[in-house]
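Visitor: A structural model of the following input is requested.
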Amino acid sequence: MKTSQLFALIQSRRTCYQFISKQTDPLTAAEVNLCLDAAVWAPNHRLTQPWRFWVVGQKIQQALAVVYADNRALRIAQPGTESYQSVYEKAIEKFMSIPQVILVGQQLAESDITQKEDYAACACAIQNFQLMAWQQSIGVQWSTGPITEDIRTYQALGVDKGVIDLVGALYLGKVDSNCREKGVQQTVKRKPIEEVTTFLE
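Guide: Residues are numbered from 1 along each chain as shown. Sure thing, here's the model as predicted:
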């Protein structure tokens, strides 16, 4: 890959919220695994490799959909009300339409300093993941919403909240050219490096 091509890939990547139906254009295991393989090559201090991934299947996605929908509905209504039920049902449908859900966790170190370094490493891993996905016309939304904090999510994954900290839920699926074109057009929103950089002698 030429330098200009790599820069264009980085510059064009954007978060996508709408995906092509998984029935008509499903993700393959090879595509997902390539994103994961790119993720684990992220820089990490002292090779702690703190990232952990859960590639969610249909059964667990249904369990997580309940967590997702309940949290969304509770923001605006009380359980048992018509309003709650309406939001809840729409949220279930929305979550189940996501072609692939992947949870990303950080294995917690004893040292606070190492934990901070490891979180940065996990963020780098997610960026690697997103870039490899974008190269394959796969869109990704990195969510840090209530689903990553809810104890029911940890229970569904079978992990201990004191050992693993979930740093994100990745929602991914194939995207059409419209989403990719919007990504290119939005590059003008970035501040020039002169506004955010101090060059020292």
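Visitor: Please identify the buried residues of the longest helix along the chain?
Guide: With residue count as the measure and DSSP state H as the assignment, the chain has helix 112-135 as its longest helix. When burial is assessed from 16 or more other CB atoms under 10 Å, helix 112-135 yields the following buried residues: 114-115, 117-118, 120-135. (Each C-beta comes from the backbone N, C-alpha and C, glycine too.)
Visitor: Show me where the chain has its strands.
Guide: The residue ranges that make up the strands of the chain, judged by DSSP state E, are 51-55, 100-107, 138-143, 164-174.
Visitor: isn't A156 right next to V67, touching?
Guide: Yes - with the criterion set as CB atoms under 8 Å, A156 and V67 qualify as a contacting pair; they are 7.4 Å apart.
Visitor: wait, what's in contact with F95?
Guide: Q61, L64, A65, Y68, A69, V101 (CB atoms under 8 Å, 6 or more residues apart in numbering).
Visitor: V67: neighbour count?
Guide: For V67, the neighbour count with other CB atoms under 10 Å is 20.
Visitor: how close does it sit to Q11?
Guide: Distance from V67 to Q11, counting by CB to CB, to the nearest Å: 35 Å.
Visitor: With A123 instead?
Guide: When distance is defined by CB to CB, A123 is 19 Å away from Q11.
Visitor: ok, back up a step: and Y84, which of the strands of the chain is closest to it?
Guide: Shortest distance between Y84 and those, using CB to CB, is found for strand 138-143: 21.5 Å.
Visitor: Would you mind listing the buried residues in the closest one?
Guide: Taking 16+ other CB under 10 Å as the neighbour-count basis, strand 138-143 is seen to contain the buried residues I138, G139, V140, Q141, W142, S143.
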